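1. pasted the sequence and its predicted model underneath.
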Amino acid sequence: MKTLNATLQAHLDDGTTTLCWCWRLSRADGVALGFTDHDQVLAFDGTSFEPESGLAASEIRSGSDLAVDAQDAAGVLTSDRITETDILDGRWDNARVELWRVNWIDPQQRVLMRRGAVGQIRRGRMAFVAEVRSMAHVLGQTVGRTFQAGCDAALGDTRCKFDLESSAYRGTGSVIDPLRDRAFLATGLSGYATGWFTGGTISWTSGASAGRQAEVLTHDRSTDGSVALTLLGAPVCALTAGDAFTIHAGCDKRMATCSGKFANAANFRGFPHIPGQDAVLRYASQGESNDGSVL
């Protein structure tokens, strides 16, 4: 149930209304943008809601159960507020969304219809459609520890406690020759063994991708000393020779790697001795003790 202020209720009771929709989108990087289907700029709560933004929404769907309700918001990629590069960069992923019903004559007469988050984004040649999920989607997210053999901490975070800024685990280099959209030859990493940076992260410090990060899929060092890196995903902006980067070592989340590569077994956040699926599928066979002990 929505609680309306007295002036908005009186406006609705009048029968002749001047209502519009306003969307406020707040990205994880702190950028907040406002859009409206009205033909004039509206402002409230420190946000300007721009018209003719190319953003339009479908009907609102809401149920009485705990299922995730969804609404679609469609827009054009020619908008200078929502760019294709930002979408590809993931800057709109899980952005918070507020949907307001507003009296455009007096924006103080408004009601918050729903909150949600941006889910799946489908792109076309000239437009995009973003799924706006209700707050019920939070109930489907994993909260707390995960009991698994592998470590569930991110390498270098407060739970892992490992210092990745040591020169042994941090390298710098630049692109020599782009091989494919995700692969390139690099300089500056010839002193590291093959696979040292596999699963690690690369941060671009110059070029069109400066300021962006990516995950390293493979790190190969040939006998002549040349180094080839392959990224997990293709960069939004094409790589060119001379693009500089900083790269950090990767971890495959296994106890052996944590101990042997990082000497950080004391902070391992997995359960290496937890029984696997083979323990469930095993059965007694002739020749074993079959005395009731663990197989």
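-> Good, I have the coordinates. Numbering: from 1, shown residues only.
2. what ranges of the stretch 1-150 of the chain fall below the confidence cut-off?
-> For the stretch 1-150 of the chain, the stretches with pLDDT under 70 are 1, 52-81, 122-128, 134-138, 140-141.
3. which parts of it are helices?
-> 6-14, 84-89 (DSSP state H, counting those that start in this stretch).
4. list the contacts for Leu281?
-> With contact set as Cβ atoms under 8 Å, 6 or more residues apart in numbering, Leu281 has no partners. The C-beta positions use only the backbone N, C-alpha and C, and glycine is treated the same way.
5. next one: Glu215
-> So Glu215 contacts 199-202, 231-233 (Cβ under 8 Å, 6+ apart).
6. just the buried residues of those.
-> Among the contacts of Glu215, those classed as buried by 16 or more other Cβ atoms under 10 Å are 199-202, 231.
7. in strands, which of these fall?
-> 201-202, 231 (DSSP state E).
8. how close does Asp29 sit to Ala117?
-> According to Cβ to Cβ, to the nearest Å, Asp29 and Ala117 sit 15 Å apart.
9. and the residue nearest the centre of the chain, backbone torsions?
-> Centroid-nearest residue in the chain: Asp93, 5.5 Å away (criterion: Cα atoms, centre = their mean). Per-residue torsions, Asp93: phi -60, psi 130 (degrees, to the nearest 10).
10. sheet partners, orientation included, of the longest strand along the chain?
-> If you go by DSSP E, the chain has its longest strand at strand 110-123. Paired neighbours of strand 110-123 in the sheet (DSSP bridges): strand 96-103 (antiparallel), strand 127-134 (antiparallel).
11. now those strands in CSV, with distance to Lys261 and mean neighbour count?
-> Formatted as CSV, the strands paired with strand 110-123 follow (distance: least, Cβ to Cβ, whole Å; neighbours: other Cβ atoms under 10 Å):
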stretch, distance to Lys261, mean neighbour count
strand 96-103, 38, 19
strand 127-134, 39, 20
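12. of those, which is nearest Phe245?
-> With Cβ to Cβ, the closest approach to Phe245 among these belongs to strand 127-134: 29.1 Å.
13. I'd like the next helix or strand past that closest one.
-> strand 170-178 (DSSP states H and E).
14. in the next helix or strand after that next one, what's buried?
-> Scanning forward in sequence from strand 170-178 by DSSP H and E, the next helix or strand is strand 183-187. Buried residues in strand 183-187, counting neighbours by 16+ other Cβ under 10 Å, are found at 183-187.
15. go on, stretch 164-180?
-> 164, 169, 171, 173-176, 178.
16. turn the residues you listed into a markdown table, including pLDDT.
-> Shown next, in a markdown table, are the buried residues of stretch 164-180 (pLDDT from 0 to 100):
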| residue | pLDDT |
| --- | --- |
| Leu164 | 91 |
| Tyr169 | 94 |
| Gly171 | 93 |
| Gly173 | 93 |
| Ser174 | 93 |
| Val175 | 93 |
| Ile176 | 92 |
| Pro178 | 91 |
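17. can you put those in a markdown table and add distance to Val132?
-> A markdown table is the format used below for those (distance: Cβ to Cβ, whole Å):
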| residue | distance to Val132 |
| --- | --- |
| Leu164 | 36 |
| Tyr169 | 40 |
| Gly171 | 41 |
| Gly173 | 41 |
| Ser174 | 41 |
| Val175 | 38 |
| Ile176 | 44 |
| Pro178 | 37 |
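18. thinking again about what came up before, now render the strands paired with strand 110-123 as TSV, adding distance to Ser48.
-> Output for the strands paired with strand 110-123, formatted as TSV (distance: least, Cβ to Cβ, whole Å):
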stretch	distance to Ser48
strand 96-103	13
strand 127-134	20
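19. quick one: closest of these to Ile87.
-> Minimum separation from Ile87 across the strands paired with strand 110-123 (Cβ to Cβ) falls at strand 127-134, 6.2 Å.
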